[in-house]
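> A structural model of the following input is requested.
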Amino acid sequence: MKIVIAALILILLNLPCIQAAAPSDNPEVDRIYQYFVQSEASKDRVGLGFYLWIPPNTPKIRAVMVGINNALPINILQSPPVRAMCRRQGIAQILFTPWAKDIGGVMMKDNTFDVTNPEQTAVYDAYLKQLADVSGHPELISAPIVPLGHSAFCGFPLEAAIRNPEQSLATIPIKAGLPDIYKFFGEGGKALHPNPDMALRNVPILFVTSGSQETVSWSAYPHAYGTYLSSYRSADSDDNLGTDYKPHAELFSSCWEMTSGHFDMSPRNYQFVADWLDAIATARLPAKAGDPLKSLTLRDGWLMSPKIPATGGVPSDYPMPAPYLEYKGKRDQALWFPNEKLARAQFEIGVSKPHKKIEMFTFLDPAGQPISLAHGAMAPMPDSQLLLHDDGLITLTTHHFTAPPDICTVKTKDHVKHPEESHTYENVLFPGQTTRMTLS
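Residues are numbered from 1 along each chain as shown. Okay, the predicted model is just below:
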């Protein structure tokens, strides 16, 4: 029975056209991808390959979002605000699975899309060509891209964008750590053929991140704050006219929730992504599909400082969001946004009271300050391949706590070997209790 169902799914996914007749805000309809190309290297596992969604009533694709199906990209692509924006702008979506042998093992070898390696780019190009053929949209091959990737694949959006910046509408890396693309492709980098002349050349970047995550220290500021400033904003200067491009002075935006974790986003963040990309598409996409992208410079946007204190009001010396040439703060310490609305929206999130609340399950240190779960006992992440059974299925078991969980807050990794060490942090759910858990 399983084999019959799997075969039926594969047949449906490979139909040349399964397209909705009209736009819909129904999430059950909107998540449908009309076209699919199966991985030839992983035919034994149904559903691995490249999926394509084209907005209904789109005679010619103007751009395409390209995401890796690893946690948040699929949620972003299928979110109602992003799908609505794509319908308005004529932007298609591609979602590919990293578990196929040719995709994960070759194209994304070591979780990196090394665009100087012809063997890796050939896999991507071949899938794109097949999707263009099966969908009847040859312009898909040359359409401007918006790559996005999360966590282990956070580098893919920057790697794909730097391959051909003139064909990159924008790029969206998603938490947690943010790689320095210039170290990888620059002189002495790990790329197959390092090239110091490679640069993003004013490709707008939106880094979707958070202040605190499950395995990193708590912070009121965006995670990887220092990395993205040094890698992507450090070359900007207070006397820069903002019209000529130079590497490390990028069009770098960010949206973040101080209290969200590694695997979640709030509804307003999905809306922010949609609004940001809508602004970029409006500014850069040509009236005629296929014509070159319009240029966008630092001077065209607004700057906003992400360093908003977690408690209290805004300091008197805090530089308020302003147009690029009117900004009063240090430009190399600021985020860039394509318009006033987005700069002020992120600022308002930063100063709002809900933003400052500690909503994640966490500990408090002796001074009452939140710290990360990384300081407590954490279960190791298993190899997901080992959890597969039967025909590539995975079974997850959930438990309900009937008593306060045992939270060991001793800094040493193995408290059993050091029973003399006391617990130094407070359990904010069950203060003063460290009883063994009972599961049902």
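
> burial measure for Gly188, as a count.
8 (other C-beta atoms under 10 Å). For the C-beta atoms, the positions are set from N, CA and C on the backbone; glycine is no exception.

> So it sits against Tyr182, correct?
No. Assessed by C-beta atoms under 8 Å, Gly188 is found out of contact with Tyr182, at 11.0 Å.

> distance between the ends of stretch 299-319?
End-to-end distance for stretch 299-319: 17 Å, by C-alpha to C-alpha, to the nearest Å.

> Flag every buried residue along that stretch.
Buried residues in stretch 299-319, counted by 16 or more other C-beta atoms under 10 Å: 300-308, 310, 319.

> Out of these, which sit inside helices?
Nothing among those maps onto helices, per DSSP state H.

> Nearest to Pro73 among those residues?
Nearest to Pro73 among the buried residues of stretch 299-319 is Pro306, at 23.1 Å by C-beta to C-beta.

> Next one: the closest one from Trp256, what distance?
Pro306 sits at a distance of 8 Å from Trp256 (criterion: C-beta to C-beta, to the nearest Å).

> does Tyr127 really touch Thr97, like I thought?
No. Using C-beta under 8 Å, Tyr127 is not in contact with Thr97, being 10.8 Å away.

> re the thing from before, include pLDDT when you put the buried residues of stretch 299-319 into a markdown table, please.
Supplementary listing: those in a markdown table, determined by pLDDT from 0 to 100:
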| residue | pLDDT |
| --- | --- |
| Asp300 | 98 |
| Gly301 | 98 |
| Trp302 | 98 |
| Leu303 | 98 |
| Met304 | 96 |
| Ser305 | 93 |
| Pro306 | 87 |
| Lys307 | 85 |
| Ile308 | 82 |
| Ala310 | 67 |
| Pro319 | 96 |
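
> Which of those lies at the shortest distance from Asn75?
Pro306 (23.4 Å).

> Just confirm that closest one contacts Leu335, I think it does.
Yes. At 5.6 Å, Pro306 counts as touching Leu335 under the criterion of C-beta under 8 Å.

> Need the overlap of contacts for those two.
Overlap of the contact sets of Pro306 and Leu335 (by C-beta atoms under 8 Å, 6 or more residues apart in numbering) consists of 254, 346.

> still on that earlier bit, so if I had to pick from Tyr127 and Thr97, which one is more boxed in?
Shown here are Tyr127 and Thr97; by other C-beta under 10 Å, Tyr127 has more neighbours (21 against 18).

> Grab the nearest non-local neighbour of the more buried one.
Once flanking residues are discounted, Tyr127 sits nearest to Phe50: 4.3 Å by C-beta to C-beta, 6 or more residues apart in numbering.

> Backbone dihedrals for that neighbour, please?
Per-residue torsions, Phe50: phi -110, psi 130 (degrees, to the nearest 10).

> Which residue ranges of the stretch 101-250 of the chain form helices?
101-102, 118-135, 156-163, 181-185, 225-232 (DSSP state H, counting those that start in this stretch).

> most tightly surrounded among these?
Scoring those by mean neighbour count under mean count of other C-beta atoms under 10 Å gives helix 156-163 as the most buried, with a mean of 26.

> And the average pLDDT for it is what?
Averaged over helix 156-163, pLDDT sits at 97.

> Need the residues that contact it.
Outside helix 156-163, the residues that touch it by C-beta under 8 Å, 6+ apart are 66, 68, 108, 112-115, 121, 145, 147-149, 168, 170-173, 179, 181, 184-185, 198-200, 203, 205.

> For the residue nearest to Tyr127, name its beta-bridge partners.
Val37, Phe96 (DSSP bridges).

> per-residue confidence for it?
pLDDT, Phe50: 96.

> tell me the contacts of it?
36-37, 94-96, 127-128, 130-131.

> all strands of the stretch 251-400 of the chain, in order?
Under the criterion DSSP state E, counting those that start in this stretch, the stretch 251-400 of the chain carries strands at the ranges 252-257, 302-304, 322-323, 335-337, 363-364, 370-371, 388-389, 393-394.

> and the third one, what does it pack onto?
The one in question is strand 322-323. Here strand 322-323 touches strand 302-304, going by 3 or more C-beta pairs under 8 Å, 6 or more residues apart in numbering; DSSP states H and E.

> isn't there a helix covering Cys86?
Yes. Under DSSP: H, G, I helix; E, B strand; the rest coil, Cys86 falls within a helix.

> what's the spacing between it and Leu77?
For Cys86, the distance to Leu77 equals 8 Å [C-beta to C-beta].

> go on, Phe184?
Note on Phe184: its distance to Leu77, by C-beta to C-beta, is 26 Å.

> now do Leu52
Note on Leu52: its distance to Leu77, by C-beta to C-beta, is 11 Å.

> shared neighbours of these two, anything?
Residues touching both Leu52 and Leu77 (C-beta under 8 Å, 6+ apart): Gln93.

> before we move on, the earlier item: and the contacts of Phe50, which two are the farthest apart?
Leu95 and Gln130 (14.8 Å).

> Share the number of residues neighbouring Pro59, please.
As a burial measure, Pro59 scores 8 neighbours (other C-beta under 10 Å).

> Next: Gly290.
Gly290: 12 surrounding residues under other C-beta under 10 Å.

> Nearest residue to it in space, please, no chain neighbours.
Leaving aside its sequence neighbours, Gly290 sits nearest to Glu139 (C-beta to C-beta, 6+ apart; 6.2 Å).

> same question, Gly90
The shortest distance from Gly90 to any non-neighbouring residue, by C-beta to C-beta, 6+ apart, is to Arg62 (3.9 Å).

> dump the residue contacts of Pro204.
Pro204 neighbours (C-beta under 8 Å, 6+ apart): 169-171, 251, 253, 280, 284, 296, 338.

> low pLDDT regions in the stretch 251-400 of the chain?
Low-confidence segments of the stretch 251-400 of the chain, defined by pLDDT under 70: 258-259, 310-311, 353-400.

> run the last query once more with 90
255-269, 289-290, 306-315, 348-400 (pLDDT under 90).

> what does the stretch 51-200 of the chain give?
Those would be 56-57, 71, 175-179, if you go by pLDDT under 90 across the stretch 51-200 of the chain.
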